[in-house]
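Asker: With the input below, show me the fold.
(2 chains)
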Amino acid sequence: MTPEAIRTLLEDGLTNARRAHGGKGTRRVSIDLEAADVKEAAPAALRGERSRFMTIVAVDTGLDIELLYNFSVNGVLVTLRTSVPKEAGAIETITPMAPAAEFIEKEISELFGIEFVGHTRRTNLLLPDDWPTGKRPMRKPLVGDVIPQARASVENLMIAGTSIRVGPSSAVKREKAGLPRMPPLASANPDRMQEVKDLLTRSGFDKRAGFDRRTGKLRYK
Amino acid sequence: MNKQAFFLGCVIPLRFPGIEVAARRVFGQLGIECMDLDGYSCCPEPVVLGLTDRDMALAVSARNLALAEKAGADLVVLCNGCYEALAEADHALRHDAPMKARVGELLAGIGTRYDGKIRIKHFIEFLHDDVGLDRIAKAIARPVDISLALHYGCHLFRETTHPDTWRKPRMMKGLVEAMGARCVDYGLEQLCCGFPISQFDKDAALKERLLPKLKALGTTNAEALAFCCPACLNQFETGQGGAGDLGADVVKYPCVHVLELLALAFGMQPAELCLDFRSGATKDFFECFWG
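Answerer: Residues are numbered from 1 along each chain as shown, chains lettered A, B, ... in the order given. Below is the predicted model:
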């Protein structure tokens, strides 16, 4: 099976799968996946004749734990890359289809605090048995790229399309000055505001900044 | 020639609406139609937001430029920071082909595009070059017979194509002198007001930026300070109290925006400028000279 055939197989089978950066070369395939799709993607990667699970690499990106599931498929390195938000902290185990993942999942669980749902091993592999559950040696604090001084401005931009807050006091000031309560900003027009939000999302900034549109806030203080 | 559209930014319409009132009055009195740019967003602010994520910043700027282009209007920008963000984005989109392609794709995703067919002008540049000092001088009803120290603001020195970084600051001086004011030199005109630093360290902003300027100003006969940047004006107006708290013996200067001065010189009354939220020194100054 060629790298391209493997890529096509995975992409065709998984609607949210997309080609990842990296994975270049004739013997590399790299695919980005939603965390929920890993359970389906792993069997697909193991479907080939000379396929085997290799390992999982965990990377703490600040906001998420990135997991790189590596498979050898007919001599080609296939990497399935996904991210688990630190707040969620859980992903399904792949041990039923790849028993060799048992140790590495447990190791990641102990060091990074990710729960592999369905994993059956209860005892610790690396850490002492009395190690506190809330303390994970390789896990960094939940923090994104936006520096503390910029966080209020970023949230304002995401919510209202302005760097400073559009509050009631602004409307009062404007009224006193004989101006309309709202300037012709995007936030005065729902369609225009949606356009700004769509642009910010499309640019990838929501994700890079760690902004949660449901709460209207950054995921970290 | 394109029409003109105001780019008001965030700080002027939300914090200093009196400056917006002044701008509308000045342009109206000069017979210049300047439309509103409906649906604009933050420029975005070039220091904190602009440095946070360049791709995002350029995309947001480009959308604002695209709004103006769609309306067939050149932008007259009322804020130094907005001017820098928009002018730099325009420059990048004209000269950086990969960036243009990337931003073009993002704009296409929201159903718009930017082809670089408009001009972005700081209001100082527009009044100086497009309107002309003679025309402005003729419209002066009450000359500004005051000694003024100018704070240009760092972003006014920003040039994307012109080699002379003093081009726009000189225009500001010319504009103020055309109103009848005497400009007072104090030697630290180019020193930042400290606003960007204040986002990180308020004390350092006062000690290392505002205080040296205030001390230098104290050796002159300046009666007030004139600005063309709302963030700098805000930093001076609110920061002077803080500089005093540091134990420094400094004068609290009235802080006025060039557009406010022009509006008053054109015959507007201080009461029309929404001064309720300004410092006591500024309000007293306006009342004393124009009340």
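Asker: On the strand side of things, show who the nearest residue to B:F236 once chain neighbours are set aside bridges to.
Answerer: Of all residues not flanking B:F236 in the chain, B:C255 sits nearest, at 4.9 Å (Cβ to Cβ, 6 or more residues apart in numbering or on different chains). (Each C-beta comes from the backbone N, C-alpha and C, glycine too.) Counting by DSSP bridges, B:C255 is bridged to B:L225.
Asker: Need the per-residue pLDDT for B:C255.
Answerer: Here the pLDDT value assigned to B:C255 is 96.
Asker: Show me how the record splits the chain into domains.
Answerer: Defaulting to chain A. Split into domains by automatic domain parsing, chain A comes to A:3-117, A:148-218.
Asker: meant chain B actually
Answerer: B:3-123, B:142-290.
Asker: Can I get those domains in JSON lines including distance to A:L125?
Answerer: Compiled in JSON lines, the domains of chain B are given as follows (distance: least, Cβ to Cβ, whole Å):
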{"stretch": "domain B:3-123", "distance to A:L125": "39"}
{"stretch": "domain B:142-290", "distance to A:L125": "44"}
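Asker: got the ones you listed as TSV, with mean neighbour count and distance to A:I56 columns?
Answerer: Converted to TSV, the domains of chain B look like this (neighbours: other Cβ atoms under 10 Å in any protein chain shown; distance: least, Cβ to Cβ, whole Å):
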stretch	mean neighbour count	distance to A:I56
domain B:3-123	21	30
domain B:142-290	19	39
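Asker: Now the weakest link among these, please, by mean pLDDT.
Answerer: Looking at the domains of chain B, the weakest mean confidence is domain B:142-290, a mean of 91.
Asker: Give me the distance between the two termini of that one.
Answerer: Start and end residues of domain B:142-290 are separated by 9 Å (Cα to Cα, to the nearest Å).
Asker: do stretch B:99-119 as well
Answerer: Stretch B:99-119 has its terminal residues 19 Å apart, counting by Cα to Cα.
Asker: neighbouring contacts of it?
Answerer: A:195, A:198-199, A:202-203, B:2, B:55, B:58-59, B:62-63, B:65-70, B:73-75, B:90, B:92-94 (Cβ atoms under 8 Å, 6 or more residues apart in numbering or on different chains).
Asker: quick one, strands of chain A?
Answerer: Under the criterion DSSP state E, strands of chain A are mapped to A:18-19, A:28-32, A:51-60, A:64-73, A:76-85, A:90-92, A:115-117, A:211-212, A:217-218.
Asker: ranking those strands by mean pLDDT, which is last?
Answerer: Out of the strands of chain A, strand A:18-19 stands lowest, with a mean of 64 (criterion: mean pLDDT).
Asker: interface residues of the stretch 151-291 of chain B facing chain A?
Answerer: B:Q199, B:F200, B:E272, B:L273, B:C274, B:D276, B:F277 (Cβ under 8 Å from any Cβ of the partner chain).
Asker: give me every residue that touches B:E20.
Answerer: B:E20 touches A:A177, A:L179, A:P183, B:L8, B:I12, B:P13, B:L78, counting by Cβ under 8 Å, 6+ apart.
Asker: isn't the first one right next to B:P17, touching?
Answerer: Yes - because the distance of 4.0 Å satisfies Cβ atoms under 8 Å, A:A177 is recorded as touching B:P17.
Asker: And the residues of the stretch 151-291 of chain B next to chain A, which is closest to B:I136?
Answerer: B:L273 (18.7 Å; Cβ to Cβ).
Asker: Now the closest one: closest residue in space that isn't a chain neighbour?
Answerer: B:G18 (4.0 Å).
Asker: State the three-state secondary structure for the one you found.
Answerer: Secondary structure, DSSP: H, G, I helix; E, B strand; the rest coil: B:G18 is helix.
Asker: Same question for B:Q4.
Answerer: B:Q4 - assigned by three-state DSSP - is strand.
Asker: Chain neighbours aside, what residue packs nearest to it?
Answerer: Nearest residue to B:Q4, sequence neighbours excluded (Cβ to Cβ, 6+ apart): B:C34, at 4.5 Å.
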